[in-house]
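>>> need a 3D model of the sequence below.
(chains A, B, C and D)
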There are 2 protein chains.
Amino acid sequence: MSAATVSRVLSSPERVSEATRERVTEAVRATGYTINQAARSLRMRATRTIVIAVPNMGNPYYSTILDAVVTEAAPRGYGVLVANRLGDDPTEWLRDYFFSNRADGLLLFDASLDEEELSHLPLVHGRLPLVVVCDELLAPRFNMVTTDNAAASRRAVRHLVDLGHRRIGNVRGRQVKNLTNERWLGFHEEMHAAGLEVREDWIFQGDHSIDSGYEAGRRFARMRDRPTAVFAANDEMAIGFISAVQGYGISCPRDVSVIGFDDITMAKHYTPPLTTMRQPRDQLGRRSTEALLNILEGVPLESEPFRLVLTCELVVRASTAPPPA
Amino acid sequence: MSAATVSRVLSSPERVSEATRERVTEAVRATGYTINQAARSLRMRATRTIVIAVPNMGNPYYSTILDAVVTEAAPRGYGVLVANRLGDDPTEWLRDYFFSNRADGLLLFDASLDEEELSHLPLVHGRLPLVVVCDELLAPRFNMVTTDNAAASRRAVRHLVDLGHRRIGNVRGRQVKNLTNERWLGFHEEMHAAGLEVREDWIFQGDHSIDSGYEAGRRFARMRDRPTAVFAANDEMAIGFISAVQGYGISCPRDVSVIGFDDITMAKHYTPPLTTMRQPRDQLGRRSTEALLNILEGVPLESEPFRLVLTCELVVRASTAPPPA
DNA sequence: GCCGGCTTTGTAATCGATTACATCGCACTC
DNA sequence: GAGTGCGATGTAATCGATTACAAAGCCGGC
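From the prediction side, this is the model:
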């Protein structure tokens, strides 16, 4: 019984007679034999592993997506490596995980990498083994799965306007991220469309963390002339904001309406339950992973390159209401 | 210039003359050469990768720990593979990741695996390449990093007793997990020590999710004879509980005090800010990873096997108060 | 001049799975 | 019975890094 035969039983059973196939299968079971993935990877020039690169894994927003990614990849035989907080030098990080044959594909949640660099990734089946998720690389040659951030932001502002608000502020995220920029743009556009003024002093700069939302809320509470509603670029900042203003005796939604973005698990159970734009996070994780694995396995994509924009959904809860009379 | 020399420059530079070392280093830089980890893994019989096995990656409790794990492992050259939701057959999962040489070590957050099976893992430097975190395998031969769950639960209950509560309920987690069981035991012990009755109808069965806490809160709100304080086995359930009772016009902490467990990021910013037992999650992640990598690299451990119990800290916020008069 | 000891570098075997190619055996046909 | 074709299996090369061992070069001492 040669190694070749065993290999054939495992990879292409139809090329082996039924008798030997059963003998081998039985022996595999008996000895508890498991394939050596290192040897396989070396020979096949493929590791059956993908890397997911996120700015901050501790953020529940990303961890939910990771959950979906692993759930999608595991049944197809792929492992998921986590690269957290891309350091100052993304090149080093790419070397460590990608060029050193640790992984075949890349799920990128932080598009602050050099496009030039990424363009030179070795192609797989003529395609870049890379999908950018929840963020955007401007060049259209990259595969991408994201949501309609700008349009969703406009709908969020529209919701506030529809409630009767005319004085609307914004807690925005860091400008380095394109998605945040899009949300900022959407805010701007809809304010303009509604004929409302974007006041500089009602723009709070945050960094997606609860604490930065809290800080924004404190600044808000100390103002003399306040907006009656605030659009926060994510739920964490919205919650931090509400938490802070409540400490100053300001009630949400009675005194100020707050709308968030993402619909994290907590949003529904916060006090007050948070009005927000729901991102289909499960879909973001699953569809991007599916696309990446299809690239790696030479399965045709729906489009080439793959560009998918999912739609966010307005979820009205109790943190928004008409402005005080 | 032979491949052997290049390999030596990279792994043990002192065995190569300075002249060639520099020539090789320069050539490596110029060609952008990167080591092939698959080949290295095959030859060295080590992948420089560890697996982290968690019940539910979407839970922010775990994702914060994952963050710490990756942060600790990356600088030591180790990759982190994520295995989510161990399926019905943990054996299959162990085969896929561990025995197939995809990973060298195992960080296990769910001790519902068969101890017998785990005992037969191939030893590395005479030690099991396995650390159980936040959960407990009873057999003392396993390496373990956890917190003083039972004692911390006693302190939580003690806090409620000190505030004057005599009627105390419990939202508990699934009994399959040892850590949950410990918290349950701690609750029981301290109730007993304080001479208080553990009433069956005040025990709410949850599953660590917000929703199960919410369900518990609803059942609580509909009761005629209620406890004045509740100890929830984790913060998610505590928050779900408060969220539910508030919907029934029951105020926390005026009508009912609630104490949680973990101190997730949200706890501080919830309304009311949550009193809770803080788990040193960063330490849990870092110390367990450090121990596992030391095992893999033959570095001596502080103890053999490695058993570390970290201390939880009572964080008093606004969700607990003396009982209503 | 010769030898031992030392550093430096090259040679070749090795890790385990895959796969092109060769070989073997069997059945079927003329 | 020789030849043809096909399916099943074995043989050996391959992937790229590591490392035991060999070899070569160099130095100094006697």
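
>>> now A:Gly186. Nearest residue, chain neighbours left out?
Leaving aside its sequence neighbours, A:Gly186 sits nearest to A:Ser153 (CB to CB, 6 or more residues apart in numbering or on different chains; 2.8 Å). All C-beta atoms are positioned from the backbone trio N, CA, C, and that covers glycine.

>>> wait, a strand at that neighbour?
No. Using DSSP: H, G, I helix; E, B strand; the rest coil, the assignment for A:Ser153 is helix, not a strand.

>>> pretty sure it is touching A:Arg183, no?
Yes. The pair A:Ser153 and A:Arg183 qualifies as a contact (CB atoms under 8 Å) at a distance of 4.5 Å.

>>> mutual contacts of these two, please.
Taking CB atoms under 8 Å, 6 or more residues apart in numbering or on different chains as the contact rule, A:Ser153 and A:Arg183 both touch A:233, A:261.

>>> start to end distance for stretch A:91-100?
Start to finish, the residues bounding stretch A:91-100 are 12 Å apart (CA to CA, to the nearest Å).

>>> so what touches that stretch?
Judged by CB under 8 Å, 6+ apart, the contacts made with stretch A:91-100 from elsewhere in the structure are A:51, A:53, A:81, A:83, A:86-87, A:102-103, A:106, A:113-114, A:117, A:121, B:32, B:34-37, B:74, B:77, B:79.

>>> any chance you could map the helices in chain A?
When assigned using DSSP state H, the helices of chain A occupy the ranges A:3-11, A:18-31, A:37-44, A:60-73, A:90-94, A:115-119, A:149-162, A:178-193, A:210-221, A:235-247, A:281-296.

>>> nearest residue to A:Asn294 in space, please, no chain neighbours.
Using CB to CB, 6+ apart, the closest residue to A:Asn294 is A:Leu301 (5.8 Å).

>>> how about A:Pro324?
Of all residues beyond its chain neighbours, the one nearest A:Pro324 is A:Asp255 (6.2 Å), with distances taken as CB to CB, 6+ apart.

>>> quick one: A:Arg317 and A:Val258, what's the gap?
Using CB to CB, to the nearest Å, we find A:Arg317 at a distance of 11 Å from A:Val258.

>>> sorry, slip of the keys, the one I care about is A:Leu130.
Distance from A:Leu130 to A:Val258, by CB to CB: 36 Å.

>>> which of the two has more neighbours?
Each of A:Leu130 and A:Val258 has its neighbours counted (other CB atoms under 10 Å in any protein chain shown); A:Val258 has more, 29 against 23.

>>> quick one: low-confidence residue ranges for the stretch 1-150 of chain A.
With pLDDT under 70 as the threshold, the stretch 1-150 of chain A has low-confidence stretches at A:86-88, A:137-138.

>>> next: the stretch 151-300 of chain A.
Scanning the stretch 151-300 of chain A with the threshold set as pLDDT under 70 gives A:177.

>>> for it, which residues are neighbours of DNA strand C?
Selection of the stretch 151-300 of chain A residues close to DNA strand C by CB under 7 Å from any atom of the strand yields an empty set.

>>> ok, A:Glu304 touching A:Gly126?
No. Contact status for A:Glu304 versus A:Gly126: not in contact, 9.2 Å apart, counting by CB under 8 Å.

>>> more neighbours: which of these two?
It is A:Glu304, of A:Glu304 and A:Gly126, that has more neighbours when counted by other CB under 10 Å, with 11 against 8.

>>> relative to A:Glu313, how far out is that one?
Counting by CB to CB, the gap from A:Glu304 to A:Glu313 is 28 Å.

>>> and for A:Arg199?
Counting by CB to CB, the gap from A:Arg199 to A:Glu313 is 29 Å.

>>> A:Arg286 too?
Counting by CB to CB, the separation of A:Arg286 from A:Glu313 is 17 Å.

>>> who's more crowded, these two?
More neighbours sit around A:Arg286 than around the other of A:Arg286 and A:Glu313, counting by other CB under 10 Å; the figures are 18 against 14.

>>> what's near enough to touch that one?
Applying CB under 8 Å, 6+ apart, we find A:Arg286 in contact with A:68-69, A:71-72.

>>> hmm, A:Gly298 and A:Arg46 touching each other?
For residue A:46 the amino acid is Ala, not Arg. No. Counting by CB under 8 Å, no contact exists between A:Ala46 and A:Gly298, whose distance comes to 11.2 Å.

>>> neighbour count: these two, which is higher?
Neighbours per residue (other CB under 10 Å) separate A:Ala46 from A:Gly298, with A:Ala46 holding more: 17 against 10.

>>> which residues touch the residue lying closest to the more buried one once chain neighbours are set aside?
Closest residue in space to A:Ala46, ignoring its immediate chain neighbours: A:Asp104 at 5.3 Å, by CB to CB, 6+ apart. Going by CB under 8 Å, 6+ apart, A:Asp104 touches A:46-50, A:124, A:129, A:296.

>>> just give me the residue closest to the centre of chain A.
A:Cys134 (4.2 Å; CA atoms, centre = their mean).
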